[in-house]
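A.B. asks: Here is a sequence with its predicted model. Questions after.
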Amino acid sequence: MFKATPNPPHTDPIPYDPELEAENMKTATERAINHYLDPATHKTSKPSRKPGRIFLVNPTVDDETLLVEACETLSSATDMARDIASTIDPSQRKAMLVLQQVIMLSELLANRVLDNQRIPQAGGIN
């Protein structure tokens, strides 16, 4: 009869040492307690946010341009969500319409910030 896996190698069994087991258990217990209960290990400050390595917004772009791009992106997302809502199962349509409304409200907020920006007019006339 063919056996798919070979027999395990013959090795000496590891001797049981109750003192070693007690020491290992004590070390593991201390590590667990220190991990969960030691206040010195808790960080008090938030780690600094690192930008992603794939996508990065150009730091030299002005705020108005960023807001315009955000408004256009949100507008496109609103249109896509509305189009998807019209083609999906009625049981999921309500959730998609709620998502579309949240996107639209975000677009309105971004548009309000854009409207509140003071844009200097040509010729220095305010």
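C.D. replies: Structure received.

A.B. asks: mind listing the helices for the protein?
C.D. replies: For the chain, the helices defined by DSSP state H occupy 18-37, 63-85, 90-116.

A.B. asks: between the second one and helix 90-116, how big is the angle?
C.D. replies: Right, the one you point to is helix 63-85. Between the axes of helix 63-85 and helix 90-116, defined by axes from the mean of the first three to the mean of the last three Cα atoms, to 10 degrees, the angle is 160 degrees.

A.B. asks: For helix 63-85, which helices and strands make contact with it?
C.D. replies: helix 90-116 (3 or more Cβ pairs under 8 Å, 6 or more residues apart in numbering; DSSP states H and E). Any C-beta I mention is one placed from the backbone N, CA and C, and that applies to glycine too.

A.B. asks: next one: the last one
C.D. replies: The elements that helix 90-116 packs onto, with contact taken as 3+ Cβ pairs under 8 Å, 6+ apart, are helix 63-85.

A.B. asks: Thanks a lot, catch you later.
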